[in-house]
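Q: any chance you could fold what I've pasted below:
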Amino acid sequence: MRKVLFIFSVLSDTDVEWLGRAGERVHVDPGMEVVALGARIDHLYFVLDGTLAVVTRNAERLRLLESGEVIGEMSLVDPAPTSVSVTAVSEATLLRIPDAVLRDKLASDLGFAARFYRALCVFLVDRMRHTTERLGYGSAQDDPHARDELNEDLLDNVHLAGARFERMLKRLAG
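A: Numbers count the residues shown, from 1 in each chain. From the prediction side, this is the model:
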């Protein structure tokens with residue numbers, strides 16, 4: 001599932017509008033490195049369109065990122081050097097939000113901060129579950145209560161998240 005749906009399902013309409021205003025649209029050409037391996041990044045990125053590749057130190061392509069993906073959320077929480085690089089595979093448009101601007105908002109708006117950090121936690125828990133399963137430490141089939149579905153709270157709001165992202169795309173395009 002696209003990260004933006006996890007994040008925008010927890011945030012409010014006002015929060016999403018603020019993100020759109022706080023960021024700037026940037027164009028990325030094919031081959032351009034958005035995140036360098038071992039770098040400290042200081043922006044949060046939303047992929048608006050195009051395709052980017054996440055590549056390991058060993059030049060293994062982990063996955064492709066397309067519209068609705070988010071880059072830099074881990075560095076926002078833990079500013080350690082990156083363990084992967086992200087490079088544009090095709091032309092892409094990103095919404096780039098400086099960490100400093102986002103951190104100021106998080107410090108000054110506790111409601112936004114609570115929703116934003118909860119959204120990151122929900123997404124990161126989902127990623128951890130899939131990683132654990134991929135590494136062979138159990139699967140959803142091992143537990144009759146575990147399903148490859150969104151939890152009920154997120155499922156109730158995923159349509160809102162999609163609508164919020166579509167509105168953001170339209171505002172930023174116009």
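Q: tell me what the lowest-mean-pLDDT helix or strand in the chain is packed against?
A: In the chain, no helix or strand scores lower on mean pLDDT, DSSP states H and E than helix 152-173, which sits at a mean of 73. Judged by 3 or more C-beta pairs under 8 Å, 6 or more residues apart in numbering; DSSP states H and E, the packing partners of helix 152-173 are helix 3-10, helix 13-22, strand 43-49. Quick note: C-beta positions are derived from backbone N, CA and C, even for glycine.
Q: closest to L120 out of these?
A: With distances scored as C-beta to C-beta, the stretch of the helices and strands packed on helix 152-173 nearest to L120 is helix 3-10 (7.2 Å).
Q: against which helices or strands is the closest one packed?
A: Under the contact rule (3+ C-beta pairs under 8 Å, 6+ apart), helix 3-10 is packed against strand 70-71, helix 110-134, helix 152-173.
Q: residue ranges with poor pLDDT in the protein?
A: 1, 138-156 (pLDDT under 70).
Q: beta partners for the residue nearest the centre of it?
A: The centroid of the chain falls nearest to V70 when counting by C-alpha atoms, centre = their mean (2.4 Å). Judged by DSSP bridges, the bridge partners of V70 are F46.
Q: ok, now which ones touch it?
A: Shown in contact with V70 (C-beta atoms under 8 Å, 6 or more residues apart in numbering): K3, V4, I7, L44, Y45, F46, V47, F123.
Q: the second one and F46 touch, don't they?
A: Okay, so that is V4. Yes - V4 lies in contact with F46 (C-beta atoms under 8 Å); the separation is 6.3 Å.
Q: more crowded one of these two?
A: F46 (27 against 24; other C-beta atoms under 10 Å).
Q: which SS state does L94 fall under?
A: Under DSSP: H, G, I helix; E, B strand; the rest coil, L94 falls in the strand class.
Q: okay, now the closest residue in space to A119 that isn't next to it in sequence: neighbour count?
A: Leaving aside its chain neighbours, A119 sits nearest to V10 (3.8 Å; criterion: C-beta to C-beta, 6 or more residues apart in numbering). Neighbours of V10 under the rule other C-beta under 10 Å: 22.
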